[in-house]
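# need the 3D shape of this:
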Amino acid sequence: MAASCLIDETSSQPTISDDDLIKLAKEELNEIPEKRAEDVNTLRKRIQKHPGLNIRTDDAYLLKFLRASAFDQDAAYTLLLKYFELKADEKNKQLFTDLRSAAVKHVVESGVVGLLPHRDKQGRRVLVLRPGKLDPSQFGPPDIFKASFMLIIKLAEDEETQIRGCVVLYDMKDMGFGQMTHISPFYAKRSVMLFQDSVPVRFKYIHVVNEPAVFDYLLALAKPFMSQQTVDKMLVHGHRLEE
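This is a model prediction of the structure:
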């Protein structure tokens, strides 16, 4: 992926027109085309009543939160607040400073974070993380978080992905204690938040392959921050890549 196109949160109008996508959106997301404008407006009015919540309220922006929440107004509103709070939290300031493609180009080029060029059999985009490729002398968890966040937000702009969702592939090949020692509970928690109720993307599954001996330690570090729903989405395959 070219680093120059990692992120673009500019306003655009929703333009879904594919019959299969419309059907899928209705079946999985409870999205009714005739009610879409009304649903977006309901969420917009609720946001406008929230003091201090200074965010975009255009149709395209709000629609992705509704789709990520299966058009549940309360869930969409809560997701939007969590997304806003994640970015506004002073403790996370370092993670949301200098969100430019050029600032994380080295992470993408290293292969630690990226997107597969093709969709899976269900038409979902695949976000790939390869922590074993991390050279701690070159960069660390903050840069990985930034690159992951920017890719996820880019995914959230795509209407087909909003509807079909996406999957995460953790390829743990070559990961050892050299990388593990740089992952603190702080970064473990923030990383979990990226895939759990804090960004407007529907993560269908989290596949883990080639897990090393340190995987149990890594899971023990992250699991206290994981909901049962996230745990249920995690599928550990070992070296059986044909699965």
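# could you use CA atoms for every contact and neighbour count after this?
Noted.
# for Gln122, which non-adjacent residue is spatially closest?
The shortest distance from Gln122 to any non-neighbouring residue, by CA to CA, 6 or more residues apart in numbering, is to Arg164 (7.5 Å).
# isn't the one you found up against Val126?
No: in this structure, Arg164 is not within contact of Val126 by CA atoms under 8 Å, at 11.3 Å.
# ranking helices and strands of this protein by mean pLDDT, which lands last?
helix 177-180 (a mean of 82; mean pLDDT, DSSP states H and E).
# what comes up buried for it?
The neighbour-count check on helix 177-180 (16 or more other CA atoms under 10 Å) flags 179-180 as buried.
# ok now it, how far from the chain's centre?
24 Å (CA atoms, centre = their mean, to the nearest Å).
# I'd like to know which elements it is packed against.
Under the contact criterion of 3 or more CA pairs under 8 Å, 6 or more residues apart in numbering; DSSP states H and E, helix 177-180 touches no helix or strand at all.
# show me the contact partners of it.
131-132, 134-136, 214, 218 (CA atoms under 8 Å, 6 or more residues apart in numbering).
# which other helices and strands does the next helix or strand after it contact?
Of the helices and strands lying after helix 177-180 in sequence (DSSP states H and E), the nearest is helix 185-194. Helices and strands touching helix 185-194, by 3+ CA pairs under 8 Å, 6+ apart, are helix 141-156, helix 215-222.
# possible to save those helices as a markdown table with mean pLDDT?
Converted to a markdown table, these look like this (pLDDT from 0 to 100):
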| stretch | mean pLDDT |
| --- | --- |
| helix 141-156 | 94 |
| helix 215-222 | 89 |
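# where does the protein dip in pLDDT?
1-17, 240-243 (pLDDT under 70).
# just give me the residue right at the centre of it.
Ile152 (4.2 Å; CA atoms, centre = their mean).
# I'd guessed it sits against Val201; true?
Yes: between Ile152 and Val201 a contact is recorded at 7.3 Å, counting by CA under 8 Å.
# so Val167 sits in a helix?
No: under DSSP: H, G, I helix; E, B strand; the rest coil, Val167 falls outside any helix and is assigned strand.
# which residues touch it?
The neighbours of Val167, taking CA under 8 Å, 6+ apart as the test, are 124-127, 203-207.
# any idea which of the residues you listed is closest to Leu99?
Leu127 (18.6 Å; CA to CA).
# any idea how far the residue of the chain most remote from its centre is from Thr57?
In terms of distance from the mean C-alpha position of the chain, Glu34 ranks first, at 28.3 Å (CA atoms, centre = their mean). Distance, Glu34 to Thr57, using CA to CA, to the nearest Å: 20 Å.
# would you map the strands across this protein?
Along the chain, the segments classed as strands by DSSP state E run 113-115, 125-129, 166-171, 203-209, 234-238.
# quick one: the longest one to strand 166-171, angle?
Following axes from the mean of the first three to the mean of the last three CA atoms, to 10 degrees, one obtains 10 degrees for the angle between strand 203-209 and strand 166-171.
# quick one: strands adjacent to strand 203-209?
Paired strands of strand 203-209, with direction, are strand 166-171 (parallel), strand 234-238 (parallel) (DSSP bridges).
# what does that strand contact?
165-173, 195, 233-241.
# go again with 7 Å.
By CA atoms under 7 Å, 6 or more residues apart in numbering, the list of residues contacting strand 203-209 from outside reads 165-172, 195, 233-239.
# just the buried residues out of these, in PyMOL syntax.
A single PyMOL command is used to select the members of these judged buried by 16+ other CA under 10 Å:
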select buried, resi 165+166+167+168+169+170+171+172+195
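# which one of the contacts of strand 203-209 sits closest to Leu80?
Using CA to CA, Phe195 comes nearest to Leu80 of the contacts of strand 203-209, at 14.2 Å.
# next one: the residue nearest to Lys223 when sequence neighbours are not counted from Tyr170, what distance?
Distances taken as CA to CA, 6+ apart put Val231 closest to Lys223, at 7.9 Å, once the chain neighbours are dropped. In this view, Val231 and Tyr170 are 14 Å apart by CA to CA.
# nothing else from me, thank you.
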